[in-house]
Each structure stands twice: as C-alpha cells, then as structure tokens.
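Peer 1: Structural data only, the sequence is not supplied:
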C-alpha cells in the first residue's frame, strides 16, 4: 500500500488567513482525495484531486474556498482559504488504488 | 447516494473482552475497508474486504456482500484498541472511485 506523508500535522491560524496542506505519496497513485473531519464527526469528502486538471468538488465545497493542486501522480495540496472558526477540523488526504486506499496522518487545524 | 450505518455508536469494554462491530450499507459495493482512527487522529487501514473473511492477529472481518453488511471482530481487547472504527465503501454503480464513510463506532477499552 502507498505511504502518504502529510504536513503540517497541526496548526493554529488567525481567522481570515489561508493555510496550505501538502501530501506526498511514496509511489504513483491513480486517485487522490481530500477529506474533512469536523469534531466528533465522520469523514466527509471535499474533492477528488485530478492530476493536471481542476479538482472535482463534492456538493457544498467550492474551489474558491478549497483550491486544490495536483501537479503529478505523487503530490497534492489543499488550501483552506479565508478561514473562520467553522473551518476548525482535521483535514486528511487519501490515495492509492481502488483495492485499498491509505490516508495521510492528518492536519489538525484550529482557527481562532 | 449510498448510506453506511455503523453500530453500536459507542462501546466501552474491559481489557480482555471481545466485541463485534457492524457496518450496514444500502447498495452493492466493490470496495469495503475498515479503518481505526487512533486518539491522535491518524487513520489506519485494517482490512480491504469487499467480500469474504480475513484475519489479522486479534482482528478479523467478514463481509456478506449479498446481504449488504460487514462485521469487525476484536478479540482480547487492549487499551491500544481504543479509538474510532470506521467502515468505508465504494458503491458498485457508475464510475465512482471515492470512499463513503460510515458513522463510526467509538470504542473505549478500560483496565
């Protein structure tokens, strides 16, 4: 299975600022995804990161708020823009093949 | 979209006890995975099990695809088993490749 390195592991940010989260996979993977986990909740898919093209966003998530890049098959970034306290969550990237996805260690974001 | 329900939502066990966690899904699937999220938030892949039975140490899982459920068995539980257990599926319809997560079971193992 792919091994995914995610950073930062945690951050405390001021409202109105932006944070970029990075994920590096140790091998080329077909699919990469970004999830949000609000406190005490399950994981919700934000978007599918498409290599070399615009990400595919789920209902309720927009590119202006969560721009995503995926320049190659091993790397992706998620930016949380113009943050508010409601954005305080764990953000996780995922990748692999459809017979078994793995996850990065997560970014615990607190917006104050 | 597909619905994924897990039960029980919360479980408290004494160390050494056994438990069974259940995952029901509303449509046929071609991928089902069980994950453990530890208290630090890290999500660990336990099993890829769209059908059949697998075992890994004290953990085992069974998926009955025709009846749309999966079970995760934890035997001789340890405090390190504490955390949240999620099942996640990819429906066997269309071209979607994204996992849909269940509601989770929060497990606490006490001494």
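Peer 2: Arrived safely, thanks for sending. Values in this document were obtained by computation on a predicted structure and should not be read as measured data.

Peer 1: can you map out the strands along chain B?
Peer 2: Counting by DSSP state E, residue ranges of the strands within chain B are B:4-7, B:10-14, B:19-25, B:29-37, B:43-48, B:52-56, B:59-64, B:69-74, B:83-91, B:100-101, B:105-110.

Peer 1: winner for burial among those strands?
Peer 2: Mean neighbour count (mean count of other Cβ atoms under 10 Å in any protein chain shown) peaks for strand B:83-91 among the strands of chain B, with a mean of 23. Every residue, glycine included, has its C-beta placed from N, CA and C.

Peer 1: What is the burial count for the residue nearest to residue A:4 when sequence neighbours are not counted?
Peer 2: Ranked by Cβ to Cβ, 6 or more residues apart in numbering or on different chains and with sequence neighbours excluded, the top spatial neighbour of residue A:4 is residue A:104, at 4.2 Å. Residues within reach of residue A:104, counting by other Cβ atoms under 10 Å in any protein chain shown, total 27.

Peer 1: OK, contacts around residue A:104?
Peer 2: A:4, A:5, A:6, A:23, A:92, A:93, A:94 (Cβ atoms under 8 Å, 6 or more residues apart in numbering or on different chains).

Peer 1: Let me have the strands of chain B in CSV, extended by distance to chain A and mean pLDDT.
Peer 2: Formatted as CSV, the strands of chain B follow (distance: least, Cβ to the nearest Cβ, whole Å; pLDDT from 0 to 100):
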stretch, distance to chain A, mean pLDDT
strand B:4-7, 9, 98
strand B:10-14, 11, 97
strand B:19-25, 12, 98
strand B:29-37, 6, 94
strand B:43-48, 4, 94
strand B:52-56, 12, 97
strand B:59-64, 13, 98
strand B:69-74, 15, 98
strand B:83-91, 6, 95
strand B:100-101, 4, 94
strand B:105-110, 9, 97
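
Peer 1: Remind me which helix or strand the most centrally placed residue in chain A belongs to.
Peer 2: Nearest to the mean C-alpha position of chain A, counting by Cα atoms, centre = their mean, stands residue A:34 at 3.6 Å. Secondary structure assignment for residue A:34, by DSSP states H and E: strand A:31-37.

Peer 1: helices or strands next to that strand in the packing?
Peer 2: Helices and strands touching strand A:31-37, by 3 or more Cβ pairs under 8 Å, 6 or more residues apart in numbering or on different chains; DSSP states H and E, are strand A:44-49, strand A:75-80, strand A:89-97, strand A:100-103.

Peer 1: just to revisit the earlier point, out of the strands of chain B, the one nearest residue A:57 is which?
Peer 2: strand B:100-101 (15.8 Å; Cβ to Cβ).

Peer 1: Any residues of chain A in contact with chain B? List them.
Peer 2: Proximity of chain A to chain B (Cβ under 8 Å from any Cβ of the partner chain) is limited to residues A:1, A:30-31, A:33, A:37, A:42-45, A:48, A:90, A:92, A:94, A:98-103, A:105-106, A:108.

Peer 1: quick revisit: looking at the helices and strands packed on strand A:31-37, which is buried most?
Peer 2: strand A:89-97 (a mean of 23).

Peer 1: ok, residues contacting that one?
Peer 2: So strand A:89-97 is in contact with A:1-2, A:4, A:6, A:21, A:23, A:25, A:29-39, A:43, A:46, A:49, A:76, A:78, A:80, A:101-104, A:106-109, B:41, B:43, B:99, going by Cβ under 8 Å, 6+ apart.

Peer 1: Cheers, nothing more for now.
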